[in-house]
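K.L.:
have a look; sequence and predicted model below, questions after that.
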Amino acid sequence: DSHFLGHIAFARNHQLYTLSGKDGSVSALPTGSDVSDPAYSPDGSRLAYVLRGASWSDLMVIGLPDGQPVALTHNQGRSQQIACANGVSEPDSIWAANPIWSPDGSTLYYLSDAQKLLKTSCGFLDMAVWKIAARGGKPEFILWPAHGSDNTGLPGAGGDANLSLRPGVGNELCYTHYAYDPNQSSSLLVQLFLATLNQAHKPGPETEHQSELALTPGGTEGEALEPAWSPDGQFLAYIVRTNGSTSLQVMHVSTPARGAPDFQDYAASITLSGGSAGSISYPVWSPDGKSLLFLGFKNNAYNLYLAQV
């Protein structure tokens with residue numbers, strides 16, 4: 001039986017669709033022609049997603065089943081340049097990506113480079129964590145990204161990505177942390193980090209690593225990325241990428257998490273899939289915690305796979 005309970009939202013050819021578990025039917029949503037990153041609200045009544053323009057993207061929300069799209073951000077800019085004292089220059093258009101919902105559905109966390117508009121630092125280039133009320137309002141800066149070691153706006157390793165808010169806690173945010181290895185500057189460290197969001201951080205490099213903990217080692221251990229919390233907040237599904245191959249792992253995360261330097265939780269991880277679906281990415285838990293959805297590349301095509309846990 002290939003059916004499942006509920007619905008799955010997904011992007012295909014830059015358009016947004018829903019897949020019904022009842023009969024397998026696929027329905028297009030009126031969300032535009034260049035969209036990505038769909039995320040259901042906790043009660044399933046709304047869908048957040050990202051709408052992309054020529055050099056910008058906006059955070060959108062649509063009510064289900066028959067609502068109209070509403071823009072929460074307005075990032076197109078005025079085709080002006082923002083100059084920094086060290087010579088870094090960036091357009092005033094802004095990117096938004098990867099929305100996730102707070103447990104009560106009142107807030108959306110997302111990635112953005114909007115900190116460049118604050119002009120409080122020259123670290124323009126990487127994606128940081130922001131939040132905004134799901135009904136609209138002023139975006140609020142939350143967490144400074146990984147960036148160049150001298151805090152001058154020189155390129156970092158891409159900032160943070162793949163946000164996942166821990167259920168049952170509300171202020172613990174797991175994400176993929178990209179940084180350059182301080183011992184080998186040409187090598188990337190791709191690790192899972194856990195941040196405790198006690199309050200909004202003032203924008204600036206001095207907030208980097210505040211209340212942050214590495215859950216996985218870097219370097220020769222491979223790259224750990226794309227975390228996804230189980231509905232009970234006890235387990236973390238994630239992808240490990242080593243020498244071009246990928247696997248789907250699950251670890252139990254202690255409270256408090258046992259991170260660096262021992263990484264005991266990581267050492268006890270279980271492999272759920274070692275590549276039977278080809279290259280694996282973007283795991284998502286079902287609401288009952290019994291299945292994991294992921295994207296698999298196999299036979300020259302991307303498809304959705306559902307694994308029973």
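P.N.:
Yep, it's here.
K.L.:
just give me the residue closest to the centre of this protein.
P.N.:
By C-alpha atoms, centre = their mean, the mean C-alpha position of the chain lies nearest to N162, the distance being 2.1 Å.
K.L.:
who does the residue nearest to L143 when sequence neighbours are not counted form a beta bridge with?
P.N.:
Residue nearest to L143 in three dimensions, not counting chain neighbours: V129, with 3.9 Å by C-beta to C-beta, 6 or more residues apart in numbering. The way it works is simple: take the backbone N, C-alpha and C, and place the C-beta from them, glycine included. When bridges are called by DSSP bridges, V129 pairs up with L111, L143.
K.L.:
wait, V129 touches L163, no?
P.N.:
Yes - if you go by C-beta atoms under 8 Å, V129 and L163 touch, sitting 6.7 Å apart.
K.L.:
between these two, which contacts overlap?
P.N.:
Y109, Y110, L111, L173, Y175 (C-beta atoms under 8 Å, 6 or more residues apart in numbering).
K.L.:
contacts only, for the third one.
P.N.:
In this case it means L111. L111 sits next to W95, A96, A97, N98, M127, A128, V129, W130, G159, D160, A161, L163 when contact means C-beta under 8 Å, 6+ apart.
K.L.:
do that again at 6 Å, thanks
P.N.:
Counting by C-beta atoms under 6 Å, 6 or more residues apart in numbering, L111 makes contact with A97, N98, M127.
K.L.:
so which of those residues belong to strands?
P.N.:
A97, N98 (DSSP state E).
K.L.:
can you pick the most crowded of the contacts of L111?
P.N.:
M127 (24 neighbours; other C-beta atoms under 10 Å).
K.L.:
helix/strand/coil for the residue nearest to the centre of the chain?
P.N.:
Look at N162: counting by DSSP: H, G, I helix; E, B strand; the rest coil, its state is strand.
K.L.:
wait, it sits on T176?
P.N.:
Yes - the criterion here is C-beta atoms under 6 Å, and N162 meets it with T176 at 4.3 Å.
K.L.:
number of nearby residues for T216?
P.N.:
29.
K.L.:
again with the one 3 residues further on
P.N.:
By the other C-beta under 10 Å criterion, the neighbourhood of G219 contains 14 residues.
K.L.:
one more: V70?
P.N.:
Other residues near V70 come to 14 when the count uses other C-beta under 10 Å.
K.L.:
partners of it in the sheet?
P.N.:
Under the criterion used (DSSP bridges), V70 bridges to V61.
K.L.:
wait, it sits on I62?
P.N.:
No - between V70 and I62 there is no contact under C-beta under 6 Å: 7.1 Å.
K.L.:
quickly list what's touching both of these two.
P.N.:
By C-beta under 6 Å, 6+ apart, no residue touches both V70 and I62.
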